[in-house]
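>>> From the sequence below, what's the structure:
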Amino acid sequence: MIRDPVSLKRRRFLQGITGLAAASWLSPGLSLPQVIRTRRIPVSDEQVPVIGMGTWQTFDVGDDPELVTARAQVLETFFDMGGGMVDSSPMYNSSEQVIGECRDILGSDAGLFSATKVWTPGRWLGVKQMQRSLRLWGVSRLDLMQIHNMLDWETHLETLKDWKAEGKIRYIGITTSHGRRHQALAKALERENFDFVQFTYNILDREAEQRLLPLAAERGVAVIINRPFRRGGLFDHVRDKPLPTWAGEFDCANWAQFFLKFIVSHPAVTVAIPATTRVDHMRENMGAGFGRLPEPAMRQRMIRHMEAF
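Residues are numbered from 1 along each chain as shown. Next comes the predicted model:
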């Protein structure tokens, strides 16, 4: 495990270039607020930045020291630009381990909102897996523990309630992805009191608008959006297409911000969690948390524009 802290000189250099990049990505010819937009967690009134970070595949780099250092730079950029929620899972192979190593490298991650999952059948195995996650992250308490893809969710929910009461976790969540099991997820939300729910939603995959998003708002459940770029498919969809000039009306500088601002402009969405391996892409992603968001009429214009391709 890499534990050598980044030198003060290098940290100051990275912070300097991050600041310069933020200025260029956040405000192309505009004067934007320098504090990232946040949303309220209904159960507690705590605020969380609307752009988080996913780690599926991107942080699964094993023990490669160069790749771990590169991911630490991505994570540092995320925090320097106001990021909070980092989402992972035991299903993501070495991702939790790498997050812990990156935390060691950086030495500080003020603002971290740690979110991971339990992904195994049975109470005993679930407890062992969650204890391992605590060790890998290097924390004494996790902010959010989610039941991954609803696997044995009724069993794990009872354990999570106990862990929350004991102060080992602060929030309880449940997840699905790829547009799967929406009906079953809705029934779980109607029946139990979850703090968070996570599912897929983006400008071309909008099924969640029909039931899950309204239900989460009704039940006071914070919403995490995964697969905001359709695993990169949205960028393929607009390949060689120029960003429309009217995107400037909601302070949008690139396609990543176009896609993310569409998501976080939905009033029921709390945070979107795009994943990346690159510092420049992280800067683009984080830029979506600054400036204006599209109003309902503009959201419809964005949909029409995408569906015209």
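
>>> Off-centre distance for stretch 95-105?
17 Å (Cα atoms, centre = their mean, to the nearest Å).

>>> By mean pLDDT, flag the weakest helix or strand of the protein.
The weakest-scoring helix or strand in the chain, judged by mean pLDDT, DSSP states H and E, is helix 8-26 (a mean of 39).

>>> Could the C-alpha coordinates of stretch 205-225 be exported in PDB?
What follows is stretch 205-225, C-alpha atoms only, in PDB (Å, rounded to 0.1, in the frame of the first residue of the first chain):
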ATOM      1  CA  ASP A 205     -32.800   7.100 -20.300                       C
ATOM      2  CA  ARG A 206     -35.600   8.900 -18.600                       C
ATOM      3  CA  GLU A 207     -37.800   6.100 -17.300                       C
ATOM      4  CA  ALA A 208     -37.100   7.200 -13.700                       C
ATOM      5  CA  GLU A 209     -39.100  10.300 -14.300                       C
ATOM      6  CA  GLN A 210     -42.300   8.200 -14.400                       C
ATOM      7  CA  ARG A 211     -42.200   6.800 -10.900                       C
ATOM      8  CA  LEU A 212     -38.900   6.700  -9.000                       C
ATOM      9  CA  LEU A 213     -38.100  10.400  -9.000                       C
ATOM     10  CA  PRO A 214     -41.600  11.500  -8.000                       C
ATOM     11  CA  LEU A 215     -41.800   8.800  -5.400                       C
ATOM     12  CA  ALA A 216     -38.400   9.700  -3.900                       C
ATOM     13  CA  ALA A 217     -39.500  13.400  -3.600                       C
ATOM     14  CA  GLU A 218     -42.800  12.300  -2.000                       C
ATOM     15  CA  ARG A 219     -41.100  10.000   0.500                       C
ATOM     16  CA  GLY A 220     -38.200  12.400   1.300                       C
ATOM     17  CA  VAL A 221     -35.500  10.200   0.000                       C
ATOM     18  CA  ALA A 222     -32.200  11.700  -1.400                       C
ATOM     19  CA  VAL A 223     -31.500  10.500  -5.000                       C
ATOM     20  CA  ILE A 224     -28.100   9.500  -6.400                       C
ATOM     21  CA  ILE A 225     -27.900   9.100 -10.100                       C
END
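
>>> Buried by neighbour count: which residues of it qualify?
Neighbour-count burial for stretch 205-225, counted by 16 or more other Cβ atoms under 10 Å, picks out 205, 208, 212-213, 215-216, 221-225. C-betas here are computed from N, CA, C, even on glycine.

>>> quick one: the helices in this protein?
8-26, 65-80, 95-106, 123-137, 153-166, 182-191, 212-219, 233-237, 255-264, 279-287, 296-307 (DSSP state H).

>>> weakest of those by average pLDDT?
Note on these: lowest mean pLDDT is at helix 8-26, with a mean of 39.

>>> ok so, going back, out of the helices of the chain, flag the one nearest Phe59.
Set against Phe59 and scored by Cβ to Cβ, the helices of the chain come closest in helix 95-106, at 4.0 Å.

>>> Enumerate every residue touching the nearest residue in space to His237 that is not next to it in sequence.
Closest residue to His237 apart from its sequence neighbours, by Cβ to Cβ, 6 or more residues apart in numbering: Phe309 at 6.0 Å. Applying Cβ atoms under 8 Å, 6 or more residues apart in numbering to Phe309 gives the contacts 237-238, 241.

>>> ok, and the closest non-adjacent residue to Cys252?
Phe258 (5.2 Å).
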